[in-house]
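# Take this sequence and fold it.
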Amino acid sequence: MDSGNFLGEFLRARRELTGPEEAGLGSSRARRTPGLRRHDVAMLAGISVDYYIRLEQGRERHPSPSVLGALARVLRLTPEAEEHLYDLALREDRPRRIARPEEQVSPYLLRLMSGWVTTPAFVCDRWMDILAVNPIAETLLEGLNRVDNMVSMVFTDPLARRFYRDWEKIAHNRAAHLRAMAGPDVDDPRLTELVDELSEQSPEFRRIWRRHEVNGLHRETKDLHHPEVGDLTITCEALYSTGARNQQLVTVQAEPGSPSDWALHALAEKAGSPVSHPI
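Predicted coordinates:
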């Protein structure tokens, strides 16, 4: 999956995605490589070219907070991507994470989602492995073959491109969210296993993962196509419980009274739930 030079790989990927115009350098010079050159970043960040090269190559792994802040500014990082940059730089000073036992679903989250008749809900762990679904969520996912992991279903299920009408956007968001959830634990065994599997099976995942995008998305609008109820637009929101910090409850809702709302009620009836239709 990775060489172990997590900080350097992140810096290089983000440098190549930052255009000269974004950095205020103009675009008059012909460039054979994408993005900024190393000496561009060093100059704009106020550090030596040699020092920046050592950061990218992994020969220097302890930049100061002021250097990290300057790099985040030059590379136009979002707040979440900047937080990830700090996580990568400081990870070696943290004790190594002990492998966790298999995740057990929070009883509180199970009780909460089981009472939602017309609201699809999933419980996922930090790597987006699906730990539990309620009946209407199970019916909603009938448009897919694979429902074990929220990232895998996008990149490895042949039906995903039909199910997700905005597949490219969803694919970028899922990969970026996975990286955000990793934080400093980029060598976690489960993450390594998942990324290796996806990289082997999906050229699209390899292409997007190499961009090192970071997005701790908590709310996302999606356009779906369900084989029974047709097209619908939904909003997914991730909720976190203080009693289960590594688990998130993902809820699915539609605009009240909209055709998509009617579609969710139809799926609830198919799931065997007695429901009243929206007005």
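
# Strands of this protein, start to end?
121-125, 130-133, 219-226, 230-241, 244-253 (DSSP state E).

# Which of those strands comes out lowest on mean pLDDT?
Of all the strands of the chain, mean pLDDT reaches its minimum on strand 244-253 (a mean of 86).

# Am I right that residue 25 is in contact with residue 40?
Yes - with contacts counted by C-beta atoms under 8 Å, residue 25 reaches residue 40, the gap being 6.3 Å. No exception for glycine: its C-beta is placed from N, CA and C like everyone else's.

# Pick out whichever of these two has more residues nearby.
residue 40 (19 against 16; other C-beta atoms under 10 Å).

# give the contact list for the residue nearest the centre of the chain.
Centrality entry for the chain: nearest residue to the mean C-alpha point is residue 177, 1.4 Å, by C-alpha atoms, centre = their mean. Listed by C-beta atoms under 8 Å, 6 or more residues apart in numbering, the contact set of residue 177 reads 128, 215-217.

# Filter the residues you listed down to the buried ones.
128, 215-216 (16 or more other C-beta atoms under 10 Å).

# Neighbours of residue 219, how many?
Residue 219: 9 neighbours (other C-beta under 10 Å).

# Can you spell out which residues form a bridge with the closest residue to it other than its chain neighbours?
Closest residue in space to residue 219, ignoring its immediate chain neighbours: residue 237 at 4.8 Å, by C-beta to C-beta, 6 or more residues apart in numbering. For residue 237, the beta-bridge partners under DSSP bridges are residue 219, residue 251.

# doesn't residue 251 make contact with residue 237?
Yes - using C-beta under 8 Å, residue 237 is in contact with residue 251, at 5.3 Å.

# Looking at those two, which is more packed in?
Neighbour count, other C-beta under 10 Å: between residue 237 and residue 251, residue 251 has more, with 20 against 14.

# give the contact list for that one.
113, 116, 119-121, 236-237, 239.

# one step back: mutual contacts of residue 25 and residue 40, please.
In contact with both residue 25 and residue 40: no residue, using C-beta under 8 Å, 6+ apart.

# Quick one: the helices in the chain, in order.
6-17, 38-45, 49-57, 65-74, 79-90, 107-114, 135-140, 152-156, 160-163, 167-182, 189-201, 203-209, 259-270 (DSSP state H).

# returning to what we had before: now distance to residue 68 too, for the strands of the chain, in TSV please.
Formatted as TSV, those follow (distance: least, C-beta to C-beta, whole Å):
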stretch	distance to residue 68
strand 121-125	29
strand 130-133	35
strand 219-226	28
strand 230-241	26
strand 244-253	26
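
# And the ones you listed: which comes nearest residue 77?
strand 219-226 (20.5 Å; C-beta to C-beta).

# tell me which strands and helices the closest one is in contact with?
Judged by 3 or more C-beta pairs under 8 Å, 6 or more residues apart in numbering; DSSP states H and E, strand 219-226 is in contact with helix 160-163, strand 230-241.

# looking at those, which is buried most?
Ranked by average neighbour count under the criterion mean count of other C-beta atoms under 10 Å, the helices and strands packed on strand 219-226 are headed by helix 160-163 at a mean of 18.

# can you list the weak-confidence ranges in the stretch 1-150 of the chain?
For the stretch 1-150 of the chain, the stretches with pLDDT under 70 are 1-3, 27-32, 92-103.
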